[in-house]
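Enquirer: show me the folded form of this:
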Amino acid sequence: MMVTRGRIWESSLARMDLASALIRAHRHAEALPVLDEVLPTARRLESLPLLRRTEELQRAARSRAGEQEPWAPLTVREFEVARMVAEGLTNGEIGEELFVAPKTVNAHIEHYPLQARWLAPRRDRRDGREGGGAAAHARPEPASVPRAAR
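Expert: Coordinates of the predicted model:
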């Protein structure tokens with residue numbers, strides 16, 4: 001239940017802003033309960049703009065609430081790194097492409113859930129030695145597909 005203590009408009013608008021931010025962050029399921037709190041207030045106040053915007057946000061959230069992004073539970077950046085690791089790039093090459101340090105790449109890789117099960121060992125192409133930690137794992141790059149064709 002929404003407790004407003006006399007600031008019903010500000011509270012409703014703040015909740016709509018929160019729901020909108022959650023939707024933009026692809027957290028649709030989290031936005032729905034927030035909007036469910038605003039809707040009765042909009043009806044009680046008979047505010048058509050508030051009611052229309054709340055219903056619009058609800059439609060947007062409901063249309064995607066059941067969908068999960070293909071990279072879940074990884075962050076977008078972790079997914080980018082995973083894709084590059086799967087292409088066979090080293091941490092240094094990934095870091096150069098993403099403008100981050102190789103240690104940052106390693107940190108992203110270490111966050112992969114169950115990483116040891118789906119990532120195979122790889123060698124650092126520059127010096128031929130085995131890499132360390134979770135960053136030393138990747139799917140091998142297909143030999144028949146040139147990188148530019150992907």
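Enquirer: mean pLDDT per helix and strand in the chain: which one sits at the bottom?
Expert: helix 115-118 (a mean of 47; mean pLDDT, DSSP states H and E).
Enquirer: ok but residue 100 is inside a strand, no?
Expert: No - applying DSSP: H, G, I helix; E, B strand; the rest coil, one finds residue 100 to be coil, outside a strand.
Enquirer: model confidence score at it, please.
Expert: As summarised for this prediction, residue 100 has a pLDDT of 93.
Enquirer: swap in residue 145?
Expert: pLDDT at residue 145 comes out at 44.
Enquirer: any weak-confidence spans in this protein?
Expert: 1-5, 65-73, 113-150 (pLDDT under 70).
Enquirer: run a quick neighbour tally on residue 104.
Expert: 16 (other C-beta atoms under 10 Å). For glycine as for every other residue, the C-beta is placed from the backbone atoms N, C-alpha and C.
Enquirer: ok, and the closest non-adjacent residue to it?
Expert: Spatial nearest neighbour of residue 104, chain neighbours left out: residue 95 (6.7 Å); criterion: C-beta to C-beta, 6 or more residues apart in numbering.
Enquirer: surely that neighbour is in contact with residue 106?
Expert: No - if you go by C-beta atoms under 8 Å, residue 95 and residue 106 don't touch, sitting 9.2 Å apart.
Enquirer: what's the helix or strand residue 54 falls within in contact with?
Expert: Of the helices and strands defined by DSSP states H and E, residue 54 is found in helix 48-64. With contact meaning C-beta atoms under 8 Å, 6 or more residues apart in numbering, helix 48-64 is reached by 12-13, 16, 19-20, 22-23, 26, 28-29, 31-32, 35-36, 38-39, 41-43.
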